[in-house]
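In: The following comprises the amino acid sequence and a computationally predicted model.
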Amino acid sequence: MTVYLDLVCIINFIVDFLLLLGTSRLCGYPLGWKRISLAAALGGIYGGICLFPRLYFLGNLIWRVIVLGLMSMIAFGISISAVRRGMVFVLLSMALGGISVGIGNGSILSLIAALGGVCILCLSGFRHSLGSVTYLPVELSYGDCRLHLIALQDTGNALKDPITGKSILIVSADAAQKLTGLTLQQLRSPVDAISKAILPGLRLVPYKAIGQSAGLLLAMRLQNVKIGKWQGSSLVAFAPDGLSREDAYQALTGVIL
């Protein structure tokens, strides 16, 4: 039987690409096509390498898990939420492999183990109600800096631009520092930052959160903002702290007008 190396690499790339896309979809996150493509390319190359006689050992369970972990890091990054998605991807891949082996060998035990993996996948991937949560990819540009974030769409977000009446995009302190160079102290002392005219175009936006007294946020109008499929000019407010304990998202957006 003749095995074509290029065909094996292509098939593995396609399978891993679809598995990574499926993982993002299952966990309710936007699809990062470029990073997922790079991760799937690693999977395709790995599948081809395992065909060489001297490298058969790379196909064992330990190396397979290691490569799946590297693919998860490439596709999803390094954060608590990324680790959860990585676990879902590994379980999904192992379950698919177990089903393939079980069907090929007629092994009932392999099929039962694969179904068990699917059950664990469901418990871990759907532990929270994802149907009511929507994440959107966000791209912000300021000067020479371009930042890619994940935003939680919060329909209850009442923070609006007092001039246009449109919803304001809120980004975390870490994202604000990377984008504008503002320090954490400046974000937490917005009035002082405005008085010193640290950056042109800065303004103050009043806000009130549940369980907190009213306050002010530094904000700036950015001309190149992408939120999901929407693109245009938007007022962006800078939170003095993080927005998600698990780093699942770095921005909050309301209803996009």
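Out: Looks like it came in fine.
In: how far away is the nearest residue to residue 154 once chain neighbours are set aside from residue 143?
Out: Leaving out its chain neighbours, the residue that sits closest to residue 154 by Cβ to Cβ, 6 or more residues apart in numbering is residue 252, at 5.3 Å. C-beta coordinates here come from the backbone N, C-alpha and C atoms, glycine included. Going from residue 252 to residue 143 by Cβ to Cβ, to the nearest Å gives 23 Å.
In: Repeat that for residue 50.
Out: For residue 50, the distance to residue 143 - Cβ to Cβ - is 46 Å.
In: Residue 136 too?
Out: Counting by Cβ to Cβ, the gap from residue 136 to residue 143 is 23 Å.
In: now residue 175
Out: Residue 175 is 15 Å from residue 143, where distance means Cβ to Cβ.
In: out of the two, which sits in the more crowded spot?
Out: Using other Cβ atoms under 10 Å, the more surrounded residue of residue 175 and residue 143 is residue 175, with 22 against 8.
In: residues in contact with the nearest residue to the more buried one once chain neighbours are set aside?
Out: Among residues not flanking residue 175 along the chain, residue 250 sits closest, at 4.9 Å (Cβ to Cβ, 6+ apart). Residue 250 is in contact with 149, 150, 151, 171, 172, 174, 175, 242, 243, 244, counting by Cβ atoms under 8 Å, 6 or more residues apart in numbering.
In: shouldn't residue 232 be in contact with residue 221?
Out: No - counting by Cβ atoms under 8 Å, residue 232 does not reach residue 221; the two are 10.9 Å apart.
In: which secondary element of this protein has the worst mean pLDDT?
Out: Counting by mean pLDDT, DSSP states H and E, the chain has its least confident helix or strand at helix 108-125, which shows a mean of 56.
In: if we can go back for a sec, and residue 232 and residue 221? Which one has more around it.
Out: With neighbours defined as other Cβ under 10 Å, residue 232 and residue 221 compare such that residue 221 has more, 16 against 13.
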